[in-house]
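Engineer: Generate a structure from the sequence data that follows.
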Amino acid sequence: MNPSALIAEDEPLLAQALAAELTRAWPQLQLVATVGDGASAVTRALELRPDVLFFDIRMPGLSGLEAAAELADAWPEGAPFPALVFVTAYDQYAVQAFEAPAVDYEHKPVKATRLAKTVAKLQDVLTRRGQGTQTGADGFDTTLAQLRHLLGAGQVPAAQRLKVIQASVGSAIRMVPIDEVLAFEAADKYVRVLTAGHEYLIRTPLKELLPQLDDAVFWQVHRGTVVRAEAIDSVLRDEAGKLSLALRGHPDKLPVSRLYAHLFKPM
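Structural biologist: Coordinates of the predicted model:
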């Protein structure tokens, strides 16, 4: 059976150009779908389970990185995760973190010489997987580690980290010390700021808050959830194997995605 691929790219001409170059570089590759946003990429990839994914970094809604993280969390247990290639027009994403068998990158506009190297890498990954010399679990674990690294890049210096959260409460602005915050949770167009006795809503997106938080103090446990590590009371596992957190001083249970499940293992 020929290998299959899905392209997620919000610019139709660039998607067509990538598809054409892939046809020349890898005639046996079957392009099963082309989508233009991150949410559609997740949905169609779960439906079609292609062998290879080409995700644009910058897309409407979910970014390519966020879509890959959400897809990894929803991917069926035990099924081989697709080999993942990011396509980017931004040099900051063309880093060594991509230079591994599970993840690669293409720089826009896609060039035949670079794509040929990527195709060779992908063919090697799929061949070794088919021969049983690389298990799906090995490749999946590598992909998860690289996604965590890429999603967590860019933390600001300690002197620039948040010391206080300024939250609107009616006509006032409540100054909430960062030391009182138990968790941040994305909710529609807002972020919930949870403390032991209160809940506040702020409009600053979680992706903008994250680089300003000390990652030794606040752990990201889900695409939309960041928790103060010292506030975690227990980690619960349901019948499906999904993890959730119980916090000290707050009744909410917060979900843990597969991407961050490695944080919670018995010592």
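Engineer: C-alpha from now on. contacts and neighbour counts both.
Structural biologist: OK.
Engineer: Partner strands of the helix or strand harbouring Leu6 and their direction?
Structural biologist: Element membership for Leu6, per DSSP states H and E: strand 4-8. Strand partners for strand 4-8, identified by DSSP bridges, are recorded as strand 30-35 (parallel), strand 52-56 (parallel).
Engineer: mind showing which ranges of the stretch 51-200 of the chain have poor pLDDT?
Structural biologist: Applying pLDDT under 70 to the stretch 51-200 of the chain picks out residues 91-102, 133-138, 153-154.
Engineer: go again using 80 as the cut-off
Structural biologist: For the stretch 51-200 of the chain, residues meeting the criterion pLDDT under 80 lie at 90-103, 131-139, 149-155.
Engineer: in the sheet, who's paired with Val169?
Structural biologist: Ala172.
Engineer: coming back round to it: please dump the strands paired with strand 4-8 into JSON lines; it should also carry distance to Gln131 for every row.
Structural biologist: Shown next, in JSON lines, are the strands paired with strand 4-8 (distance: least, CA to CA, whole Å):
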{"stretch": "strand 30-35", "distance to Gln131": "21"}
{"stretch": "strand 52-56", "distance to Gln131": "17"}
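Engineer: okay if I get these as TSV plus mean neighbour count?
Structural biologist: Supplementary listing: the strands paired with strand 4-8 in TSV, determined by neighbours: other CA atoms under 10 Å:
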stretch	mean neighbour count
strand 30-35	18
strand 52-56	26
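Engineer: out of these, which comes closest to Leu14?
Structural biologist: strand 52-56 (10.0 Å; CA to CA).
Engineer: returning to what we had before: just checking, next helix/strand downstream of the strand holding Leu6?
Structural biologist: Counting by DSSP H and E, the element after strand 4-8 in chain order, helix or strand, is helix 12-25.
Engineer: Let me see the ranges of the helices in the stretch 151-267 of the chain.
Structural biologist: For the stretch 151-267 of the chain, the helices defined by DSSP state H, counting those that start in this stretch occupy 206-209.
Engineer: how about the strand holding Leu6: buried residues?
Structural biologist: Neighbour counts over strand 4-8 (16 or more other CA atoms under 10 Å) mark 4-8 as buried.
Engineer: hmm, who's touching it?
Structural biologist: 15, 19, 29-38, 41, 45, 50-56 (CA atoms under 8 Å, 6 or more residues apart in numbering).
Engineer: How about Asp73, nearest residue that isn't a chain neighbour?
Structural biologist: Arg258 (4.9 Å; CA to CA, 6 or more residues apart in numbering).
Engineer: Return the alpha-carbon coordinates of stretch 26-43 using CSV.
Structural biologist: Taking Å, rounded to 0.1, in the frame of the first residue of the first chain, the C-alpha atoms of stretch 26-43 are listed here in CSV:
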residue,chain,number,x,y,z
TRP,A,26,7.7,11.1,-4.1
PRO,A,27,5.4,9.9,-6.9
GLN,A,28,4.2,7.0,-4.7
LEU,A,29,2.9,9.3,-2.0
GLN,A,30,-0.9,9.6,-2.0
LEU,A,31,-2.2,13.0,-1.0
VAL,A,32,-5.5,12.2,0.8
ALA,A,33,-6.5,15.7,1.9
THR,A,34,-5.6,19.4,1.9
VAL,A,35,-7.1,21.7,4.5
GLY,A,36,-6.7,25.3,5.4
ASP,A,37,-6.8,25.6,9.2
GLY,A,38,-5.6,23.8,12.3
ALA,A,39,-9.0,22.5,13.5
SER,A,40,-9.7,20.9,10.2
ALA,A,41,-6.2,19.4,10.1
VAL,A,42,-6.9,17.7,13.4
THR,A,43,-10.4,16.4,12.3
